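> sequence and predicted structure below; questions after.
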Amino acid sequence: MLAGVDGCKAGWVAVLGDDATQLRLEVFTSFQAPIDAAPENTTIAVDMPIGLPDRIEGGGRSPEKLVRSFLGARQSAVFAIPARAAVEMGAGISGRRADDWPLHRKASGLAQTLSDPPKGVSIQAFYLFPKILEIDALLRAQPQLQARVFESHPEVAFAVLNDGQAMALPKKIKGKVNEAGMDERRALLARHGVDAPFLTAPAPHGAGLDDVLDAAVCWLVAGRLARGQAQSFPNPPERDSHGVPIAIWA
């Protein structure tokens, strides 16, 4: 069994199946839920940072620095994730922008003290913190999952599957879905055997169609991982001070 997972407004959206012709799409409220819903030997590729260094050197975690040059014009899709202590402040996020601004400023200030050169936290990265912490807690409490759950990144995966060329068109423009970019990605998924009806149907409640496409390409990465074909950035993966792997797989 393979699973590709992406974060979404409702929690997590997952593409599951062992064959591209029999895929199903589900939305879960926790990351533990798709793990529980699949057999114990399921390989899971998830679009969420995994592994948190105590300090950040040179503009980001090693995976982020490595894949940005690989993505060219699409490199803005790779957020800079700060040091562990700054991310752990995400436990206090309420989801209400006005209430969260002070915490965002505080987390950004801490991130600057733990990075060289000093770098704060974008609001987009800040709102990933709760989901990053959710996976981090699972992988630390159940270290056996580290052999099954892998960080991926959709734009890196699309580029690898596109013979090393990043997608020509953005998936979103000013926060709105770019249909031409979505069609470009659908065509690439179809080229690799993924042409499920849910890729064009209305997105399930709590998820966007861009989330669905991202989960689908992560499903392809899960297959590459299971077959020993995936590549990691960096190679070999690093580990943080808690032993959690740090690498983007595609």
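Ah, there it is. Residues are numbered from 1 along each chain as shown.
> list the contacts of the residue nearest the centre of the chain.
Nearest to the geometric centre of the chain sits Asp47, at 1.6 Å (Cα atoms, centre = their mean). Counting by Cβ atoms under 8 Å, 6 or more residues apart in numbering, Asp47 makes contact with Val5, Asp6, Gly7, Glu151, Ser152, His153, Pro154, Asp214, Ala215, Cys218. C-beta coordinates here come from the backbone N, C-alpha and C atoms, glycine included.
> any idea what it is bridged to?
On the basis of DSSP bridges, Asp47 is bridged to Asp6.
> next one, pLDDT for it please.
You'll see Asp47 listed with a pLDDT of 98.
> how about the helices in this structure?
Taking DSSP state H, the helices of the chain run over residues 32-37, 62-71, 84-87, 97-113, 123-126, 129-141, 154-161, 179-191, 209-226.
> need those helices in TSV (columns: mean neighbour count and distance to Thr43).
Output for the helices of the chain, formatted as TSV (neighbours: other Cβ atoms under 10 Å; distance: least, Cβ to Cβ, whole Å):
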stretch	mean neighbour count	distance to Thr43
helix 32-37	17	11
helix 62-71	19	19
helix 84-87	22	25
helix 97-113	15	32
helix 123-126	16	26
helix 129-141	18	15
helix 154-161	24	14
helix 179-191	16	18
helix 209-226	25	4
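> need those in TSV with mean pLDDT and distance to Ala14, can you?
Shown next, in TSV, are the helices of the chain (pLDDT from 0 to 100; distance: least, Cβ to Cβ, whole Å):
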stretch	mean pLDDT	distance to Ala14
helix 32-37	94	4
helix 62-71	92	22
helix 84-87	98	23
helix 97-113	96	27
helix 123-126	94	22
helix 129-141	98	13
helix 154-161	97	14
helix 179-191	98	16
helix 209-226	98	6
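> pipe these into TSV and attach distance to Arg24 per row.
Below are the helices of the chain laid out as TSV (distance: least, Cβ to Cβ, whole Å):
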stretch	distance to Arg24
helix 32-37	10
helix 62-71	29
helix 84-87	32
helix 97-113	34
helix 123-126	29
helix 129-141	22
helix 154-161	19
helix 179-191	16
helix 209-226	11
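> so which of the ones you listed comes closest to Ile246?
Evaluated over the helices of the chain, closeness to Ile246 peaks at helix 62-71, with 6.4 Å, by Cβ to Cβ.
> and of the contacts of Asp47, the nearest to Gln75?
Taking Cβ to Cβ as the measure, His153 is the one of those closest to Gln75, at 10.8 Å.
> what about the closest one, how many neighbours?
Neighbour count of His153, defined by other Cβ atoms under 10 Å: 29.
> which residue comes closest to it once chain neighbours are left out?
Sequence neighbours aside, Ile248 is the residue nearest to His153 in space, at 5.0 Å (criterion: Cβ to Cβ, 6 or more residues apart in numbering).
> can you pull the contacts of that neighbour?
Pro63, Glu64, Leu66, Val67, Glu151, Ser152, His153, Val156, Ser232, Phe233.
> repeat the analysis, applying 6 Å as the threshold.
By Cβ atoms under 6 Å, 6 or more residues apart in numbering, the contact list for Ile248 reads Pro63, Val67, Glu151, His153, Val156, Phe233.
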